[in-house]
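Novice: The amino acid sequence is not available; the structure is as follows:
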């Protein structure tokens with residue numbers, strides 16, 4: 001766990017209507033009303049087959065340190081809030097129960113990925129940061145993993161800090177990218193805070209500053225003989241960059257008993273240039289010198305380069321990763337799904353003409369079903385928390401939209417996805433190292449079928465409702481339609 005997040009009090013990073021609603025709840029008798037909220041998302045970025053859960057650690061840090069400072073109270077007083085409400089905030093203590101799907105887990109539309117139970121004033125207030133933490137990092141982790149998979153085992157480095165949406169976008173984006181599979185990042189502060197390996201060599205300005213390209217290469221090799229990667233496209237890759245790099249390797253590194261780490265190409269027809277560069281390096285006796293490619297890359301460009309037999313060993317990916325530019329919004333939402341009165345949980349539903357915006361009511365659990373023979377994830381099942389399901393018997397699921405589509409599982413294992421991270425406001429979250437989360441993410445993605453992993457027209461992974469939950473949802477829709 002890093003102390004990076006606790007250096008700032010982010011309590012007031014909330015939509016103003018969360019505060020106005022809290023004040024309204026307070027004044028109209030709902031101070032102690034218990035509510036249930038779900039976070040879920042409606043569609044997968046880039047029309048992919050799955051997304052990756054990320055940002056839970058930052059959410060846990062936020063909730064642990066949730067408090068109103070005297071400056072916060074004074075600001076709210078200036079906005080006209082009454083003293084009784086302000087006194088409540090001044091003595092605020094977080095009391096909610098919170099569950100979340102573990103970071104690195106594949107997630108799918110419509111299923112709760114964060115669940116909050118507690119006083120409605122508190123559960124409502126944290127909406128903004130729940131969505132901010134999970135939406136941003138899940139978006140970047142998902143994009144990073146697409147790029148990593150396109151590279152077919154070649155290393156991906158996150159190089160997007162200077163193009164990120166603000167410094168937090170750079171810092172937390174680098175963390176999410178590494179969880180998604182990147183080997184490291186150019187973002188130094190992210191390495192300092194979270195252990196995302198900081199990587200990088202030189203800019204074109206280094207080359208330009210010296211009297212010649214060779215002198216620039218020589219100076220760098222002398223300074224970093226054990227980590228010498230040279231940028232070879234400042235002037236001309238094949239006529240200048242590669243010949244000068246080879247000369248530097250021969251005249252500087254070889255006498256020191258060192259071998260070059262690599263060369264980097266940042267412009268031009270990189271697939272073509274990489275093939276020519278590979279031959280020149282091999283002919284000069286440097287088959288172990290890797291070739292790094294950068295320059296506005298994404299999963300499709302990388303895939304096309306490899307189809308063109310590009311001789312590239314690793315990729316530095318910047319703006320299109322750190323901003324997920326092709327699909328820049330992770331549409332997670334946070335909705336009230338139940339209230340508790342006199343010990344009874346009363347489901348709530350939101351209706352819309354847009355079917356995808358109709359919520360699933362009630363206090364719920366999410367189960368993932370694995371085939372015991374293949375180890376692959378087959379479907380997810382959403383059910384009421386107090387619902388008793390016999391998982392020792394064959395399990396039949398049906399599509400909640402096309403109910404005639406059914407599948408029965410017999411030799412299967414079930415895993416409950418939502419794990420408690422807060423109980424009564426006390427933090428239960430077990431902070432993990434970045435490497436642990438990254439390893440877990442890779443293992444979980446390996447449980448998905450190749451058909452789900454496709455970039456184009458991936459197989460739909462089914463998220464089904466239990467029969468009891470489906471019937472309750474359907475009956476509530478019908479009741480509201482009668483109004």
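Specialist: That came through, no problem. Everything quoted here is computed from the prediction, not taken from an experiment. Numbering: from 1, shown residues only.
Novice: center of this structure, which residue is that?
Specialist: Nearest to the geometric centre of the chain sits residue 138, at 2.3 Å (Cα atoms, centre = their mean).
Novice: Pull the contacting residues for the closest residue to it other than its chain neighbours.
Specialist: Sequence neighbours aside, residue 54 is the residue nearest to residue 138 in space, at 4.8 Å (criterion: Cβ to Cβ, 6 or more residues apart in numbering). Where C-beta positions appear, they are placed from N, C-alpha and C, glycine not excepted. Residue 54 makes contact with 103-104, 134, 137-138, 140-141, 176, 179-180 under the criterion Cβ atoms under 8 Å, 6 or more residues apart in numbering.
Novice: one step back: please identify the helix or strand for the residue nearest to the centre of the chain.
Specialist: helix 127-150 (DSSP states H and E).
Novice: Thought residue 156 was touching residue 178, still the case?
Specialist: No: here residue 178 does not reach residue 156: they are 9.8 Å apart, not a contact under Cβ atoms under 8 Å.
Novice: so is residue 366 in a helix, a strand, or just coil?
Specialist: When classified by DSSP: H, G, I helix; E, B strand; the rest coil, residue 366 comes out as strand.
Novice: Give the buried residues for whichever helix or strand comes after the helix holding residue 138.
Specialist: Sequence-wise, the next helix or strand downstream of helix 127-150 (DSSP H and E) is strand 155-158. Judged by neighbour count (16 or more other Cβ atoms under 10 Å), strand 155-158 contains these buried residues: 155-158.
Novice: Ok, stretch 173-192 next?
Specialist: 173-187, 189-191.
Novice: How about residues contacting stretch 366-373?
Specialist: 101, 111-112, 376-383, 389, 395, 397, 409, 411-418, 447.
Novice: again with stretch 475-483
Specialist: Residues contacting stretch 475-483 (Cβ under 8 Å, 6+ apart): 347, 349, 351, 358, 361.
Novice: Quick one: mean pLDDT for that stretch?
Specialist: The pLDDT scores in stretch 475-483 average 90.
Novice: Figure out how far it is from the centre of its chain.
Specialist: Put simply, stretch 475-483 sits 37 Å off its chain's centre (Cα atoms, centre = their mean, to the nearest Å).
Novice: Spatially nearest residue to residue 203 (excluding sequence neighbours)?
Specialist: Closest to residue 203 by Cβ to Cβ, 6+ apart is residue 231, at 7.3 Å.
Novice: Now the longest strand along the chain: buried residues?
Specialist: Counting by DSSP state E, the longest strand found in the chain is strand 332-341. Neighbour-count burial for strand 332-341, counted by 16+ other Cβ under 10 Å, picks out 332, 334-340.
Novice: what do you get for stretch 68-85?
Specialist: Buried positions in stretch 68-85, judged by neighbour count with 16+ other Cβ under 10 Å: 68, 72-73, 76, 81, 85.
Novice: For the nearest residue to residue 199 once chain neighbours are set aside, give me its contacts.
Specialist: Leaving out its chain neighbours, the residue that sits closest to residue 199 by Cβ to Cβ, 6+ apart is residue 184, at 4.1 Å. Contacts here follow Cβ under 8 Å, 6+ apart; on that basis residue 184 touches 157-158, 178, 191, 196-199.
Novice: hmm, 7 Å instead?
Specialist: Neighbouring residues of residue 184 by Cβ atoms under 7 Å, 6 or more residues apart in numbering: 157, 196-199.
Novice: what do you get for residue 250?
Specialist: With Cβ under 7 Å, 6+ apart, residue 250 has no contacts at all.
Novice: Count residues in the vicinity of the nearest residue to residue 165 once chain neighbours are set aside, would you?
Specialist: In space, and not counting its chain neighbours, residue 165 is closest to residue 323: 6.2 Å by Cβ to Cβ, 6+ apart. Neighbourhood size, residue 323 [other Cβ atoms under 10 Å]: 18.
Novice: Surely residue 323 touches residue 162?
Specialist: No: judged on Cβ atoms under 7 Å, residue 323 makes no contact with residue 162 at a distance of 11.3 Å.
Novice: Surely residue 458 touches residue 48?
Specialist: Yes: Residue 458 lies in contact with residue 48 (Cβ under 7 Å); the separation is 6.2 Å.
Novice: more neighbours, those two?
Specialist: With neighbours defined as other Cβ under 10 Å, residue 458 and residue 48 compare such that residue 48 has more, 21 against 18.
Novice: that older thread, report all helices and strands that the longest strand of the chain contacts.
Specialist: When contacts are defined as 3 or more Cβ pairs under 7 Å, 6 or more residues apart in numbering; DSSP states H and E, strand 332-341 sits against strand 34-41, helix 127-150, strand 344-347.
Novice: is it possible to export these to CSV including distance to residue 284?
Specialist: Supplementary listing: the helices and strands packed on strand 332-341 in CSV, determined by distance: least, Cβ to Cβ, whole Å:
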stretch, distance to residue 284
strand 34-41, 51
helix 127-150, 30
strand 344-347, 71
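Novice: Thank you kindly, that will do.
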